[in-house]
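1. The following comprises the amino acid sequence and a computationally predicted model.
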Amino acid sequence: MSFFQNTLNLIDKAAKLMKLSADTKQLLSNPDRIIEVSLPVRMDNGKIRVFRGFRVQHNDLAGPYKGGIRYHPQVDMEEVKALATLMTFKCSVVGIPLGGSKGGIIMDPRTLSKGELERVTRAYARAIAKFIGPTVDIPAPDVNTDGQIMAWIADEYSKLMGENMLGVVTGKPLEVGGSLGRDKATAKGGFYVLMEIVKEKKMNPGKTTVVIQGFGNAGANAARILDEAGFNVVAVSDSKGGIYCKDGIHAIKAIKCKEDLGSVHACTVKGKVDYHVAKGSKCEKVTNGELLELPCDILVLSAMENQVNEKNAGKVKAKMILELANGPVTTEADDILEKRGIPIIPDILANAGGVTVSYFELVQNQMNYYWTSEEIQDRLKIIMVDAWKGVSEIQAKYKCTYRMAAFIRTLTRLAQMAKIRGRV
């Protein structure tokens, strides 16, 4: 089943629970606009290579489209459609005035020189320029993209428009209009939601074990934040595999080791630096598949979509799942985990901290006035806690999963907007 079909199934399931009108469901199940572009770029060897790029704008009922751009060999239209749809829902569930979009280019950026990467990025910016803008569609970083790439897009767009328009993208470096707190926003937002659950369930962080799949921006920051809050992080992984240390992992050392050696696996090679916490304890290598089946209290999914599926959902030993990645659990796995009594804090709520602080960046760009880190964290916490309370109330009302509750919350809001604006 494609990622997009998986998303449509979730919409359908929530629509039945809340008795959403067929017209509204149809409206929200189809993107407003689908863009596909060819990007001819001269490579360092002098030859032209043509890249394929996408941009999907799902829905703008709440405001301008908003969504990341990913560079990955497996990017395809079905994936981008799904991610754009989830962005609409993510913005709605936390109540920020933005719609959803997503973009991508089929390529492996690790195989390109910096000059080639810049030329591809600027070509993409030119190709989609008439479809984006601070009041139209605001891209942001995603898989394999970062602040530098956003700065190139903002610069190219500003040249085309003939004026300085840094607010065309978010996730920029601080030097060119970026926001404080954006780098940790996804993990921090998920943490604020998690802490509400921890308080409700009277969990003791010091006795709570955490396994984290994905050790990029979201996963590494989650490890650091949870470690600082007293949780016991016992396993982490990146695309090459993972490390399991039953007595705990020192998150800061793990992050430093990954940066220095390129992977968490490398830290267990003889002569390198282990990052276990307890003296004399040992760490063992695990595959990403094995990591998902480790016993723990909280499994944090911060890698790619469809990681937990019908094949491995029955083997998951976590007591709770926090989705910092987009779509890491399939609908089939959702059903299995629900029957097993394993709650999931869904992506459209758990990782909405990223787009929330992106919204803050957009607002700050428009005002040309920038908030302190403390102001941003305070505003983010208020929004995330309020969203969690709303989802929790709906979950109790409908006796459904948190995912369905989050979908019902967002569909209710979007349905009201569609009716008021006369679209249904």
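-> Received the coordinates, thanks. Residues are numbered from 1 along each chain as shown.

2. can we go C-alpha only for contacts and neighbour counts from here?
-> Will do.

3. so where's the chain shaky on pLDDT?
-> Within the chain, the set of residues satisfying pLDDT under 70 comprises 268-281.

4. where exactly do the helices run in it?
-> For the chain, the helices defined by DSSP state H cover 3-18, 22-28, 77-94, 114-128, 147-161, 185-200, 217-228, 251-261, 288-291, 331-339, 347-350, 353-367, 373-398, 402-420.

5. And the residue nearest the centre of the protein?
-> Ala325 (4.6 Å; C-alpha atoms, centre = their mean).

6. correct me, but that one touches Leu299?
-> No: the criterion here is C-alpha atoms under 8 Å, and Ala325 misses it with Leu299 at 11.9 Å.

7. Okay, the residue nearest to the centre of the chain and Tyr370: tell me how far apart.
-> Applying C-alpha to C-alpha, to the nearest Å, the value for Ala325 to Tyr370 is 28 Å.

8. among the helices of the chain, which is nearest Gly206?
-> helix 217-228 (9.5 Å; C-alpha to C-alpha).

9. follow-up on the earlier one: once you drop chain neighbours, what's closest to the residue nearest to the centre of the chain?
-> Spatial nearest neighbour of Ala325, excluding adjacent residues (C-alpha to C-alpha, 6 or more residues apart in numbering): Ser302 at 4.3 Å.

10. what's around that neighbour, how many residues?
-> Number of residues near Ser302 (other C-alpha atoms under 10 Å) recorded here: 30.

11. So it is in contact with Ala220, correct?
-> No: counting by C-alpha under 8 Å, Ala220 is not a contact partner of Ser302; they are 9.1 Å apart.

12. what do these two both touch?
-> Contact criterion C-alpha atoms under 8 Å, 6 or more residues apart in numbering; residues shared by Ser302 and Ala220: Gly214.

13. which ones are touching the nearest residue to Met150 once chain neighbours are set aside?
-> Setting aside the residues directly before and after it, Met150 is nearest to Lys172 in space (C-alpha to C-alpha, 6+ apart), at 5.6 Å. Counting by C-alpha under 8 Å, 6+ apart, Lys172 touches 146-148, 150-151, 178-179.

14. Closest to Asp238 out of the residues you listed?
-> Asp146 (17.7 Å).

15. That closest one touches Gly171, doesn't it?
-> Yes: contact criterion C-alpha under 8 Å: Asp146 and Gly171 qualify, at 7.2 Å.

16. More neighbours: the two, which one.
-> Between Asp146 and Gly171, Gly171 has the larger neighbour count (other C-alpha under 10 Å), namely 31 against 17.

17. Thanks again, I'm all set now.
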